[in-house]
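1. what's the 3D shape of this:
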Amino acid sequence: MSQEGAVRTFCGTGTPGHRDGQPQSAQFYYPADLACDAEGTLFVADRANHRIRKITAKGHVSTLAGSGSLSVSDGKGQAASFSWPHSIVAEPSPKGTVARRRHGRLPSPL
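-> Here you go, the predicted structure:
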């Protein structure tokens, strides 16, 4: 949202999917929550993609964690898996915490 209150698309095509890259071509599938760190990096709980995504201040999108499979396992990067990630909290960079609903687990920071 601009300082004048106008809403515009910052990132994403508007079509559900999974694509990393430039802001105008990136795709998300049910982004459920956002968190911002001190450097202005956004972290997205990309719910239906079962991934945590990262958006730089310039809009470049990358997958930070999650294999995309509907499962729950600890790990780093694509070795981790999520089942419908719902919420994310940005901690001092580069860490963050993702709550895993219905699984009674709170993993260590990313």
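2. give me the residue at the spatial middle of this protein.
-> Residue closest to the mean C-alpha point of the chain, counted by C-alpha atoms, centre = their mean, is V44 at 2.3 Å.
3. let me know the next secondary structure element after the helix or strand containing it.
-> Taking DSSP states H and E as the definition, one finds V44 inside strand 42-46. Per DSSP H and E, strand 42-46 leads on to strand 51-55 as the next helix or strand towards the C-terminus.
4. report the buried residues of the helix or strand just after that next one.
-> Next helix or strand after strand 51-55 toward the C-terminus (DSSP H and E): strand 61-65. In terms of neighbour count (16 or more other C-beta atoms under 10 Å), strand 61-65 has its buried residues at 61, 63-65. Where C-beta positions appear, they are placed from N, C-alpha and C, glycine not excepted.
5. that older thread, give me every residue that touches the closest residue to the residue nearest to the centre of the chain other than its chain neighbours.
-> The shortest distance from V44 to any non-neighbouring residue, by C-beta to C-beta, 6 or more residues apart in numbering, is to R53 (4.3 Å). Contact partners of R53, counting by C-beta atoms under 8 Å, 6 or more residues apart in numbering, are 20, 28, 31, 43-44, 46, 61-64.
6. of those, which is the nearest to P85?
-> Within the contacts of R53, proximity to P85 (C-beta to C-beta) peaks at D46, which comes in at 7.2 Å.
7. from A90, how far off is that closest one?
-> Separation of D46 from A90 (C-beta to C-beta, to the nearest Å): 15 Å.
8. please identify which of the two sits among more neighbours.
-> D46 (26 against 19; other C-beta atoms under 10 Å).
9. since that was my last question, I'll sign off now.
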